[in-house]
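when you get a sec, could you give me coordinates for this:
(2 chains)
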Amino acid sequence: MNEEELKALNVDKSVDARGTACPGPLLAAKKAIAEISSGQIMEVLSADEGTRKDIPKWAAKKGHEYLGTAEDSGYFKIYMKKG
Amino acid sequence: MEDNKKMCLALFSGCLDKLTAAGVILSGAAADDMDVDIYVLLQAARAFKKEIATNKDEIKLAENSHLRDEFINSLDKLNVKEWHEFFKEAKELTNVKIHICGLAGKIWGGEKLEDFIDLADDIVGIGEYITAAEEADIHLFI
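This is a model prediction of the structure:
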């Protein structure tokens, strides 16, 4: 998905992990995805560069669908659909 | 559901930097739903004692000891948890068992499980560690 498509998504769960460094965002993502149902969409806000590759790989491994990453000023949003 | 992957961690170090690294790795394992067995060996067993664990003054750095204040201040600024909090959170998220080495416990005056922080599950002998290491998908020594 491109950035416009990502930003137009109806997000079911938004996790703001900008206040934490690795492994904070990953753990925040793990906890939050347990709170939504299969097929629902979650975004993770992070300013931690390591997270950029980490969370998509983790999502794929756990059977979720990584949808893409959108940039914002000073942080980025990682989108995924729960598997 | 298929069996979770297993990690076995031989935690020897009682130093703040290495304990923090172990905590970060443990978080990764927790995010992956791994089953983790931690064997708390010699120096680490001291850090797991109740009166030591939360007392940073009692715990040194393994490397760059002259930069201790900088290290601790940076962790604070980056909102990084204290080492034992990583262990606590991982236990809440996945199946983590913390085993204290019986010999190590005795060396530091810890005869009973109550002498260690509540996160500790039991006091064991080295045989259990060898078995866990044999069975693990990932085996680390820190």
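
check which helix or strand covers B:Ala22.
In the assignment (DSSP states H and E), B:Ala22 maps to helix B:16-31.

helices or strands next to that helix in the packing?
Helix B:16-31 sits against helix A:24-33, strand B:6-11, strand B:35-40, helix B:68-77, helix B:83-93, with contacts defined as 3 or more Cβ pairs under 8 Å, 6 or more residues apart in numbering or on different chains; DSSP states H and E. C-betas here are computed from N, CA, C, even on glycine.

then stretch B:53-71 to PDB, C-alphas only?
Extracted C-alpha coordinates of stretch B:53-71, given in PDB (Å, rounded to 0.1, in the frame of the first residue of the first chain):
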ATOM      1  CA  ALA B  53      18.400  -6.200  42.500                       C
ATOM      2  CA  THR B  54      16.800  -2.700  42.900                       C
ATOM      3  CA  ASN B  55      19.900  -1.100  44.300                       C
ATOM      4  CA  LYS B  56      21.900   0.200  41.400                       C
ATOM      5  CA  ASP B  57      24.800   1.300  43.600                       C
ATOM      6  CA  GLU B  58      25.500  -2.400  44.300                       C
ATOM      7  CA  ILE B  59      25.700  -3.300  40.600                       C
ATOM      8  CA  LYS B  60      28.700  -2.400  38.400                       C
ATOM      9  CA  LEU B  61      29.200  -2.100  34.700                       C
ATOM     10  CA  ALA B  62      31.100  -4.900  32.800                       C
ATOM     11  CA  GLU B  63      32.700  -2.400  30.400                       C
ATOM     12  CA  ASN B  64      33.400   1.300  30.300                       C
ATOM     13  CA  SER B  65      32.900   1.500  34.000                       C
ATOM     14  CA  HIS B  66      34.100   5.100  34.000                       C
ATOM     15  CA  LEU B  67      31.000   6.000  31.900                       C
ATOM     16  CA  ARG B  68      28.600   4.500  34.500                       C
ATOM     17  CA  ASP B  69      26.700   7.700  35.200                       C
ATOM     18  CA  GLU B  70      26.400   8.500  31.500                       C
ATOM     19  CA  PHE B  71      25.100   5.000  30.800                       C
END
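
may I see the buried residues of that stretch?
B:53, B:59, B:61, B:71 (16 or more other Cβ atoms under 10 Å in any protein chain shown).

likewise stretch B:119-138?
Neighbour-count burial for stretch B:119-138, counted by 16+ other Cβ under 10 Å, picks out B:119-121, B:123-124, B:129, B:132-133, B:136.

got a list of contacts for that stretch?
B:5-8, B:10, B:29, B:34, B:37, B:39-40, B:48, B:84, B:87-88, B:91, B:97-102, B:105, B:112-113, B:139 (Cβ atoms under 8 Å, 6 or more residues apart in numbering or on different chains).

which of these are buried, as a ChimeraX select command?
Buried residues within the contacts of stretch B:119-138, by 16+ other Cβ under 10 Å, are selected in ChimeraX with:
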select /B:6,7,8,10,29,34,37,39,40,48,84,87,88,91,97,98,99,100,101,102,105
